[in-house]
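> Show me the folded form of this:
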Amino acid sequence: MTTKEVADLLRIKERTLYELCAEGVLPVTRVTGKLIFPRATLMSWLRQNTDYGRNLPSLKDHPPIVAGSHDPLLAWAVRASGSTLATYFNGSEDGLRQMKAAQALCAGIHFHASDNTNANVVLTKSELPYESIVLIEWAKRNQGLVMRPELAGKCETVADIAGRKVIMRQKGSGSQVLFDSALRQAGLSRTDVETVAEIARTESDAAQAIANGHADVGFSIEAAARQYRLAFVPLAVERFDLVIWRRDYFEEQMQRVLNFSRTEAFRRHAAELGGYDISGNGTVHYNGG
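Got it, this is the predicted structure:
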């Protein structure tokens, strides 16, 4: 863009534009004494210097991060699809916080409610009201007790884990919320089980800790139990959803992941991991904004 075009865009005089360039405020390319403004660079500068206010996270440029709850199938698909997206898995509640702060373009969530309401939709609406987001189904997963192989047949219910060394999940994770609910239904509390100091932040972390002998039992998904050759007792089937900014949904990085989830390679890997039902993959459960 020329100096006149940029001055017109910013509604300032060309002299003021030259002064801003001299001060190093604006991105500019100098060619044989002339100032050239690459359009893409200038537009990026404008976005970076826009005050979006505290309540307009959907308008910001979102970092290429998939946040929220950990899912082995999702983590694999992000890599295998060549999306170049990064992952930061720290639980469902944290995922919505990252979205609310515009610190991620997508978050995986799996919330649970005792009255069987659609908790994923309810909490997404509550945390991101009126925002331009979509909530789509990734997969349904088998959740339950993961334990050392020799405990198979000895821990068939949550009540059977009393006195066992149990590894907990981080506060705010969907798995921990479901585990706490299962404990209450069994008439137990955390004081009735021997919790280890270690906290598992992902499905795989929980299974790995048990495989390494740090705990006897934990709460995770069937795929993680199978990965580490552990015993598994299913207690619930949950729906794992993705919250995505609508604008980012159509961008190349996210589309690579979503398109990949419709391939035979994806279906084959889900079957190999075990404990997944991907028949509803891609179903839109909420369209906000």
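
> Give me the domain ranges for this structure.
3-48, 57-130+241-287, 143-237 (automatic domain parsing).

> Which one of those lies nearest to E137?
Closest to E137 of these is domain 57-130+241-287 (Cβ to Cβ; 4.3 Å). For every residue, glycine as well, the C-beta is placed using N, CA and C.

> Now do the closest one, average pLDDT.
On average, the pLDDT along domain 57-130+241-287 is 93.

> got it, and stretch 13-31?
87.

> how about that stretch: buried residues?
Residues of stretch 13-31 classed as buried: L17, L20, C21, L26, V28 (neighbour count, 16 or more other Cβ atoms under 10 Å).

> And that stretch, end to end?
End-to-end distance of stretch 13-31 (Cα to Cα, to the nearest Å): 21 Å.

> Identify the residues contacting that stretch?
With contacts defined as Cβ atoms under 8 Å, 6 or more residues apart in numbering, stretch 13-31 is touched by 3-4, 6-7, 10, 12, 35-38, 41-42, 44-45.

> With neighbour count as extra columns, can I get the residues you listed in TSV?
Shown next, in TSV, are the contacts of stretch 13-31 (neighbours: other Cβ atoms under 10 Å):
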residue	neighbour count
T3	17
K4	10
V6	21
A7	18
L10	14
I12	13
L35	17
I36	13
F37	19
P38	13
T41	14
L42	18
S44	13
W45	16
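
> Same list (those residues) but as TSV, adding distance to H62.
Formatted as TSV, these follow (distance: Cβ to Cβ, whole Å):
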residue	distance to H62
T3	32
K4	33
V6	26
A7	31
L10	25
I12	30
L35	31
I36	29
F37	25
P38	23
T41	19
L42	20
S44	14
W45	18
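
> and which of the residues you listed is nearest to P72?
S44 (35.0 Å).

> And the pLDDT at that closest one?
Value for S44, per-residue pLDDT: 67.

> What is the nearest of the buried residues of stretch 13-31 to N90?
L26 (37.5 Å).

> And what about T16, helix, strand or coil?
helix (DSSP: H, G, I helix; E, B strand; the rest coil).

> Likewise for K140?
strand.

> you'd agree I199 is in a strand?
Yes: counting by three-state DSSP, I199 falls inside a strand.

> And for it, the neighbour number?
16 (other Cβ atoms under 10 Å).

> before we move on, the earlier item: mind checking which of the buried residues of stretch 13-31 land in helices?
If you go by DSSP state H, the buried residues of stretch 13-31 have L17, L20, C21 in helices.

> chain center to stretch 113-128, what's the gap?
16 Å (Cα atoms, centre = their mean, to the nearest Å).

> Just the buried residues of it, please?
Those would be N118, A119, N120, L123, T124, K125, E127, L128, for stretch 113-128 by 16+ other Cβ under 10 Å.

> Now it - C-alpha only, CSV.
Taking C-alpha atoms only, stretch 113-128 is exported to CSV below (Å, rounded to 0.1, in the frame of the first residue of the first chain):
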residue,chain,number,x,y,z
ALA,A,113,-24.7,-33.4,35.5
SER,A,114,-26.6,-35.6,38.0
ASP,A,115,-29.9,-34.8,36.3
ASN,A,116,-28.7,-36.0,32.9
THR,A,117,-29.0,-32.6,31.3
ASN,A,118,-26.7,-31.7,28.5
ALA,A,119,-24.0,-30.3,30.8
ASN,A,120,-21.6,-29.5,28.0
VAL,A,121,-24.1,-27.2,26.3
VAL,A,122,-25.3,-25.7,29.6
LEU,A,123,-21.9,-24.8,30.9
THR,A,124,-20.7,-23.5,27.5
LYS,A,125,-23.7,-21.2,27.3
SER,A,126,-23.1,-20.0,30.9
GLU,A,127,-19.3,-19.3,30.4
LEU,A,128,-19.5,-17.9,26.8
